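Novice: would you be able to build a 3D model of this:
(one chain, ligands or ions: 1)
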Amino acid sequence: MFPCLKKAVDGRCTLHLKTSTSVFFSKSRWNLDQDSRGTTPVAEHNLGCVADTRCTPSVPNNPYACTLYTTGQRLCGWLDWSAHDLLRSPAYGNITLPREYSGVPATSHGNMPHVELGSMTTLPGTWLLGFEDLNGGGDRDFANVVFLLQSRPVTGLVRSHVISDIPPSMDSHCAISRVRIQKAEGGLSTCQTYPPATSQFSYAIATDCRTCTEEFCVRNPSPTWRPMSFVGGRPEAILDLSPFSGTQLCWKATVNTSDPTCRPEIFYLDVGYELGFVP
Ligand SMILES: [Ca+2]
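Specialist: From the prediction side, this is the model:
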(Lines give C-alpha, C1' and ligand atoms only; values in the text may rest on other atoms or scores of the structure.)
Protein backbone atom coordinates (compact mmCIF):
# COMPACT_ATOMS: atom_id res chain seq x y z
CA MET A 1 0.00 0.00 0.00
CA PHE A 2 1.44 3.34 -1.03
CA PRO A 3 1.35 6.44 1.15
CA CYS A 4 -1.77 8.53 0.68
CA LEU A 5 -1.65 12.19 -0.23
CA LYS A 6 -5.38 12.82 -0.39
CA LYS A 7 -8.26 11.13 1.37
CA ALA A 8 -11.98 11.14 0.61
CA VAL A 9 -14.39 11.89 3.48
CA ASP A 10 -15.12 8.18 3.85
CA GLY A 11 -11.39 7.53 4.49
CA ARG A 12 -10.60 6.03 1.05
CA CYS A 13 -7.38 7.25 -0.55
CA THR A 14 -7.92 9.18 -3.78
CA LEU A 15 -4.28 10.03 -4.49
CA HIS A 16 -1.40 7.68 -3.72
CA LEU A 17 2.25 8.66 -3.52
CA LYS A 18 4.62 6.30 -5.35
CA THR A 19 8.05 6.91 -3.94
CA SER A 20 11.13 4.92 -2.99
CA THR A 21 11.40 6.75 0.33
CA SER A 22 8.78 6.85 3.07
CA VAL A 23 8.90 8.91 6.21
CA PHE A 24 7.25 7.63 9.39
CA PHE A 25 6.57 9.40 12.63
CA SER A 26 6.06 8.28 16.21
CA LYS A 27 2.84 10.32 16.08
CA SER A 28 0.68 8.13 13.83
CA ARG A 29 -1.58 11.00 12.71
CA TRP A 30 1.34 12.42 10.74
CA ASN A 31 1.97 9.20 8.78
CA LEU A 32 0.86 9.17 5.16
CA ASP A 33 0.28 5.43 4.84
CA GLN A 34 -2.93 3.76 5.92
CA ASP A 35 -3.52 0.73 8.07
CA SER A 36 -4.23 -1.91 5.45
CA ARG A 37 -5.73 -4.42 7.92
CA GLY A 38 -7.64 -2.27 10.38
CA THR A 39 -7.35 -4.71 13.28
CA THR A 40 -7.85 -3.60 16.88
CA PRO A 41 -5.28 -3.44 18.33
CA VAL A 42 -2.84 -3.09 15.43
CA ALA A 43 -0.37 -5.45 17.12
CA GLU A 44 0.16 -7.01 20.52
CA HIS A 45 3.07 -8.83 22.03
CA ASN A 46 4.33 -10.64 25.08
CA LEU A 47 7.42 -8.68 26.16
CA GLY A 48 9.15 -11.55 27.92
CA CYS A 49 8.55 -14.04 25.09
CA VAL A 50 11.19 -14.59 22.39
CA ALA A 51 9.79 -13.71 18.96
CA ASP A 52 9.57 -16.63 16.57
CA THR A 53 8.60 -16.29 12.91
CA ARG A 54 6.53 -19.45 13.28
CA CYS A 55 4.29 -17.78 15.86
CA THR A 56 0.93 -16.81 14.36
CA PRO A 57 -0.74 -13.97 16.28
CA SER A 58 -4.21 -15.10 15.18
CA VAL A 59 -3.65 -18.57 16.67
CA PRO A 60 -3.03 -17.91 20.36
CA ASN A 61 -2.58 -21.55 21.29
CA ASN A 62 0.33 -22.12 18.91
CA PRO A 63 3.42 -23.50 20.69
CA TYR A 64 5.53 -20.40 19.92
CA ALA A 65 3.31 -18.02 21.88
CA CYS A 66 3.82 -17.46 25.62
CA THR A 67 1.41 -16.87 28.48
CA LEU A 68 1.19 -13.43 30.10
CA TYR A 69 1.63 -13.83 33.84
CA THR A 70 -0.84 -10.98 34.35
CA THR A 71 -3.93 -12.23 32.48
CA GLY A 72 -3.03 -15.70 31.23
CA GLN A 73 -3.49 -14.54 27.63
CA ARG A 74 -1.17 -16.19 25.09
CA LEU A 75 0.71 -13.83 22.77
CA CYS A 76 3.70 -13.99 20.42
CA GLY A 77 6.96 -12.39 21.48
CA TRP A 78 8.13 -8.99 20.25
CA LEU A 79 11.94 -9.09 20.25
CA ASP A 80 14.07 -11.96 18.95
CA TRP A 81 16.55 -13.95 21.05
CA SER A 82 19.52 -11.74 20.11
CA ALA A 83 17.73 -8.66 21.49
CA HIS A 84 16.85 -10.52 24.71
CA ASP A 85 20.52 -11.56 24.99
CA LEU A 86 21.69 -7.97 24.49
CA LEU A 87 19.27 -6.66 27.10
CA ARG A 88 20.49 -9.27 29.59
CA SER A 89 24.13 -8.19 29.13
CA PRO A 90 25.75 -5.83 31.67
CA ALA A 91 26.18 -3.17 28.96
CA TYR A 92 22.39 -2.91 28.64
CA GLY A 93 21.74 -3.10 32.39
CA ASN A 94 21.05 -6.86 32.90
CA ILE A 95 17.44 -6.41 31.83
CA THR A 96 15.15 -9.44 31.81
CA LEU A 97 11.86 -8.55 30.19
CA PRO A 98 8.81 -9.72 32.15
CA ARG A 99 6.00 -11.66 30.47
CA GLU A 100 3.84 -8.58 30.29
CA TYR A 101 1.62 -7.11 27.59
CA SER A 102 2.75 -4.61 25.00
CA GLY A 103 0.57 -3.40 22.16
CA VAL A 104 0.01 -0.87 19.41
CA PRO A 105 -3.47 0.65 19.74
CA ALA A 106 -5.55 1.25 16.63
CA THR A 107 -5.99 4.83 15.50
CA SER A 108 -9.26 6.60 14.81
CA HIS A 109 -8.05 8.24 11.60
CA GLY A 110 -6.95 5.10 9.76
CA ASN A 111 -3.31 6.10 9.45
CA MET A 112 -0.79 3.36 10.12
CA PRO A 113 1.07 3.58 13.42
CA HIS A 114 4.77 2.78 13.09
CA VAL A 115 5.90 2.74 16.70
CA GLU A 116 5.37 0.34 19.55
CA LEU A 117 6.24 1.62 23.03
CA GLY A 118 6.85 -1.10 25.59
CA SER A 119 6.94 -0.37 29.31
CA MET A 120 7.40 -2.85 32.13
CA THR A 121 5.97 -2.72 35.67
CA THR A 122 9.16 -4.40 36.89
CA LEU A 123 11.38 -1.75 35.30
CA PRO A 124 10.12 1.75 36.07
CA GLY A 125 11.86 4.42 34.01
CA THR A 126 12.71 1.96 31.22
CA TRP A 127 11.00 1.83 27.84
CA LEU A 128 11.46 0.03 24.52
CA LEU A 129 10.68 1.96 21.37
CA GLY A 130 10.29 -0.26 18.28
CA PHE A 131 9.66 0.86 14.71
CA GLU A 132 7.89 -0.86 11.81
CA ASP A 133 9.57 0.11 8.56
CA LEU A 134 7.13 -0.75 5.76
CA ASN A 135 4.20 1.14 4.26
CA GLY A 136 0.87 -0.20 5.45
CA GLY A 137 2.49 -1.93 8.40
CA GLY A 138 4.49 -4.65 6.64
CA ASP A 139 4.78 -7.73 8.83
CA ARG A 140 3.80 -5.69 11.93
CA ASP A 141 6.62 -6.96 14.07
CA PHE A 142 7.45 -3.35 15.13
CA ALA A 143 11.03 -4.51 15.64
CA ASN A 144 12.91 -3.27 12.58
CA VAL A 145 14.73 -0.76 14.79
CA VAL A 146 14.37 -0.92 18.56
CA PHE A 147 15.67 1.63 21.04
CA LEU A 148 16.09 1.16 24.76
CA LEU A 149 15.23 4.33 26.68
CA GLN A 150 16.15 4.76 30.32
CA SER A 151 15.49 7.59 32.71
CA ARG A 152 18.30 7.72 35.23
CA PRO A 153 17.51 8.64 38.83
CA VAL A 154 18.84 11.96 40.04
CA THR A 155 21.91 11.08 42.04
CA GLY A 156 24.98 12.73 43.34
CA LEU A 157 25.57 15.62 45.63
CA VAL A 158 25.79 19.35 45.73
CA ARG A 159 28.60 21.09 47.62
CA SER A 160 28.55 24.76 48.47
CA HIS A 161 31.42 27.19 48.29
CA VAL A 162 32.81 28.47 51.59
CA ILE A 163 30.02 30.49 53.18
CA SER A 164 31.84 31.82 56.24
CA ASP A 165 33.50 35.18 55.86
CA ILE A 166 36.42 35.12 58.24
CA PRO A 167 39.73 36.71 57.23
CA PRO A 168 42.65 34.22 57.05
CA SER A 169 44.54 36.38 59.52
CA MET A 170 41.96 35.46 62.21
CA ASP A 171 42.26 31.75 61.46
CA SER A 172 44.52 30.98 64.37
CA HIS A 173 42.49 33.01 66.87
CA CYS A 174 38.96 31.71 66.40
CA ALA A 175 36.96 28.75 65.15
CA ILE A 176 33.38 27.90 64.33
CA SER A 177 31.82 26.44 67.45
CA ARG A 178 28.22 25.77 66.40
CA VAL A 179 26.33 25.46 63.13
CA ARG A 180 22.58 25.59 62.60
CA ILE A 181 20.88 24.46 59.38
CA GLN A 182 17.26 25.04 58.45
CA LYS A 183 16.06 23.41 55.26
CA ALA A 184 13.04 23.01 53.01
CA GLU A 185 12.72 20.34 50.35
CA GLY A 186 9.87 19.76 47.97
CA GLY A 187 8.01 17.58 45.51
CA LEU A 188 9.10 14.52 47.39
CA SER A 189 5.98 12.69 48.54
CA THR A 190 6.13 9.99 45.86
CA CYS A 191 9.89 9.54 45.79
CA GLN A 192 11.34 6.23 46.81
CA THR A 193 14.60 6.42 48.70
CA TYR A 194 17.55 4.16 49.01
CA PRO A 195 18.01 2.72 51.55
CA PRO A 196 14.22 2.72 52.11
CA ALA A 197 12.74 5.07 54.72
CA THR A 198 15.69 7.44 54.66
CA SER A 199 15.29 11.11 53.80
CA GLN A 200 15.57 12.37 50.25
CA PHE A 201 18.72 14.25 51.14
CA SER A 202 21.39 13.88 53.75
CA TYR A 203 23.27 16.98 54.78
CA ALA A 204 26.74 17.46 56.16
CA ILE A 205 28.93 20.42 56.98
CA ALA A 206 32.68 20.86 57.18
CA THR A 207 34.85 23.63 58.58
CA ASP A 208 38.00 22.84 56.61
CA CYS A 209 36.56 23.42 53.11
CA ARG A 210 39.57 25.55 52.25
CA THR A 211 43.13 25.27 53.45
CA CYS A 212 44.47 28.71 54.29
CA THR A 213 47.79 30.37 54.88
CA GLU A 214 47.93 33.99 56.07
CA GLU A 215 47.93 35.14 52.44
CA PHE A 216 45.51 32.94 50.56
CA CYS A 217 43.22 29.91 50.67
CA VAL A 218 42.88 26.89 48.36
CA ARG A 219 39.89 24.58 48.05
CA ASN A 220 40.17 21.39 50.08
CA PRO A 221 38.93 18.54 47.85
CA SER A 222 38.24 16.21 50.79
CA PRO A 223 37.16 18.14 53.86
CA THR A 224 36.13 16.45 57.11
CA TRP A 225 32.36 16.09 56.64
CA ARG A 226 30.20 16.05 59.76
CA PRO A 227 26.64 14.78 59.19
CA MET A 228 23.73 16.95 60.32
CA SER A 229 21.03 15.01 62.16
CA PHE A 230 17.46 16.24 61.71
CA VAL A 231 15.78 14.62 64.72
CA GLY A 232 12.16 13.54 64.29
CA GLY A 233 11.92 14.90 60.76
CA ARG A 234 12.35 18.47 62.01
CA PRO A 235 13.59 20.94 59.37
CA GLU A 236 16.24 22.33 61.70
CA ALA A 237 19.44 20.82 63.09
CA ILE A 238 22.21 22.19 65.25
CA LEU A 239 25.70 20.75 65.43
CA ASP A 240 28.09 21.56 68.24
CA LEU A 241 31.61 21.81 66.90
CA SER A 242 33.39 22.79 70.08
CA PRO A 243 35.80 19.80 70.03
CA PHE A 244 36.84 20.78 66.51
CA SER A 245 38.39 23.80 64.95
CA GLY A 246 38.11 25.48 61.56
CA THR A 247 36.76 28.62 59.96
CA GLN A 248 36.16 27.55 56.36
CA LEU A 249 32.52 26.47 56.49
CA CYS A 250 30.68 24.79 53.61
CA TRP A 251 27.81 22.32 53.32
CA LYS A 252 26.87 19.44 51.07
CA ALA A 253 23.63 17.64 50.33
CA THR A 254 23.58 14.06 49.03
CA VAL A 255 20.60 12.80 47.06
CA ASN A 256 19.37 9.43 48.34
CA THR A 257 16.66 8.64 45.82
CA SER A 258 16.75 5.71 43.43
CA ASP A 259 13.43 6.56 41.80
CA PRO A 260 13.90 7.65 38.16
CA THR A 261 10.59 9.54 38.13
CA CYS A 262 11.61 11.62 41.13
CA ARG A 263 12.98 15.15 40.91
CA PRO A 264 14.13 16.05 44.39
CA GLU A 265 14.46 19.73 45.04
CA ILE A 266 15.97 21.81 47.81
CA PHE A 267 13.94 25.00 48.13
CA TYR A 268 16.23 26.71 50.53
CA LEU A 269 18.95 26.11 53.06
CA ASP A 270 19.55 28.59 55.81
CA VAL A 271 22.93 28.15 57.51
CA GLY A 272 24.03 30.06 60.58
CA TYR A 273 27.16 29.69 62.66
CA GLU A 274 28.76 30.89 65.87
CA LEU A 275 32.38 31.82 66.13
CA GLY A 276 34.40 31.27 69.31
CA PHE A 277 37.89 32.15 70.44
CA VAL A 278 40.43 29.37 70.35
CA PRO A 279 42.06 29.23 73.78
CA1 LIG B 1 8.63 -5.28 10.28
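
Novice: and the strands in the stretch 51-200 of the chain?
Specialist: For the stretch 51-200 of the chain, the strands identified by DSSP state E, counting those that start in this stretch occupy 66-67, 74-75, 101-104, 115-120, 123-131, 145-150, 157-159, 174-186, in order along the chain.

Novice: rebuild those strands as TSV, extending it with mean pLDDT and distance to C250.
Specialist: Every residue, glycine included, has its C-beta placed from N, CA and C. Putting the strands of the stretch 51-200 of the chain into TSV (pLDDT from 0 to 100; distance: least, CB to CB, whole Å) gives the following:
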stretch	mean pLDDT	distance to C250
strand 66-67	95	56
strand 74-75	96	56
strand 101-104	96	48
strand 115-120	95	41
strand 123-131	91	32
strand 145-150	94	33
strand 157-159	87	6
strand 174-186	89	11
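
Novice: to the ion, which of these lies closest?
Specialist: Nearest to the ion among these is strand 123-131; the distance by CB to the ion comes to 8.4 Å.

Novice: what does the domain assignment say about this protein?
Specialist: Structural domains of the chain, as assigned by automatic domain parsing, span the residue ranges 4-150, 157-277.

Novice: can you give me the first-to-last residue distance of the longest one?
Specialist: Distance between the two ends of domain 4-150: 35 Å, counting by CA to CA, to the nearest Å.

Novice: again with the shortest one
Specialist: Using CA to CA, the end-to-end distance of domain 157-277 comes out at 32 Å.

Novice: next up, the contacts around N135.
Specialist: 1-3, 22, 33, 112 (CB atoms under 8 Å, 6 or more residues apart in numbering).

Novice: ok, now D35?
Specialist: 42, 106-107, 110-113, 136-137.

Novice: at 7 Å what do you get?
Specialist: Going by CB atoms under 7 Å, 6 or more residues apart in numbering, D35 touches 42, 110-112, 137.

Novice: burial check on the nearest residue to R54 once chain neighbours are set aside, number of neighbours?
Specialist: Residue nearest to R54 in three dimensions, not counting chain neighbours: Y64, with 5.0 Å by CB to CB, 6 or more residues apart in numbering. Per other CB atoms under 10 Å, the neighbour tally for Y64 reads 16.

Novice: which pLDDT value belongs to Y64?
Specialist: In this prediction, Y64 carries a pLDDT score of 95.

Novice: coming back round to it: would you list the strands of the stretch 51-200 of the chain in JSON lines and tack on distance to the ion and mean neighbour count?
Specialist: What follows is the strands of the stretch 51-200 of the chain, written out as JSON lines (distance: least, CB to the ion, whole Å; neighbours: other CB atoms under 10 Å):
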{"stretch": "strand 66-67", "distance to the ion": "20", "mean neighbour count": "18"}
{"stretch": "strand 74-75", "distance to the ion": "17", "mean neighbour count": "20"}
{"stretch": "strand 101-104", "distance to the ion": "12", "mean neighbour count": "20"}
{"stretch": "strand 115-120", "distance to the ion": "10", "mean neighbour count": "19"}
{"stretch": "strand 123-131", "distance to the ion": "8", "mean neighbour count": "17"}
{"stretch": "strand 145-150", "distance to the ion": "10", "mean neighbour count": "13"}
{"stretch": "strand 157-159", "distance to the ion": "45", "mean neighbour count": "13"}
{"stretch": "strand 174-186", "distance to the ion": "46", "mean neighbour count": "17"}
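
Novice: still on that earlier bit, comparing the domains of the chain by mean pLDDT, which bottoms out?
Specialist: If the domains of the chain are sorted by mean pLDDT, domain 157-277 sits at the bottom with a mean of 83.
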